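> Predicted model, plus sequence, below.
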Amino acid sequence: MPGFADFRPGEKHRPVQVAVRPAVRGDVDAMQEIQRRAGRPAHPDAYRRAVENPDCCVLVAECSSHAGDPIIVGWAQTYLHAAAVDAAPTGHYLGGVTVDPSWRRRARGWALWKALITMDR
């Protein structure tokens, strides 16, 4: 399936620690690059607005590079559907999760998703 890492049962990756934190404006370039590498459209102006919007929750996943520097390897977003103007109930909705293709199948997306659903809003 395009846009997803190949499923390879039994393939093991070296365990790497991941830290999930709220995104800041300075993360937008990395988010845009992750979208590009994933072959998905990027909307940096929308990312900037979301990072500053209290009704959105934007998180990034950081790992250490081979040199030991922190690098952003994925990001995720929810948005608040505050008014019941259609059939959807109010609440936070997942806006997306994207992990850099070279970091997939290592539970980065899972870490982002878990942080989103367990956040106290």
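Perfect, thanks for sending it.
> Tell me which residue is most central in the protein.
residue 75 (1.9 Å; Cα atoms, centre = their mean).
> pLDDT averaged over the helix or strand containing it - what is it?
Following DSSP states H and E, one finds residue 75 within strand 70-81. For strand 70-81, mean pLDDT is 87.
> what's the burial count for the nearest residue to residue 35 once chain neighbours are set aside?
Nearest non-adjacent residue to residue 35, counting by Cβ to Cβ, 6 or more residues apart in numbering: residue 42, 3.8 Å away. All C-beta spots, glycine's among them, are computed from the backbone N, C-alpha and C. Residue 42 has 17 neighbours, counted by other Cβ atoms under 10 Å.
> What are the neighbouring residues in contact with residue 42?
31-32, 35-36 (Cβ atoms under 8 Å, 6 or more residues apart in numbering).
> Name the SS class of it, please.
coil (DSSP: H, G, I helix; E, B strand; the rest coil).
> And it, how close does it get to residue 68?
For residue 42, the distance to residue 68 (Cβ to Cβ, to the nearest Å) stands at 28 Å.
> With residue 77 instead?
To residue 68, residue 77 is 28 Å away according to Cβ to Cβ.
> Between these two, which has more neighbouring residues?
residue 77 (24 against 6).
> Find the nearest non-adjacent residue to that one, please.
In space, residue 77 is closest to residue 95, 3.9 Å off (Cβ to Cβ, 6+ apart).
> Quick check: beta-bridge partners of residue 71?
With DSSP bridges as the criterion, residue 71 is bridged to residue 63.
> ok, it - contacts?
So residue 71 contacts 30, 62-65 (Cβ under 8 Å, 6+ apart).
> which two from those end up farthest apart in space?
30 and 64 (14.5 Å; Cβ to Cβ).
> For those two, work out which one has more neighbours and name it.
Between residue 30 and residue 64, residue 30 has the larger neighbour count (other Cβ under 10 Å), namely 18 against 14.
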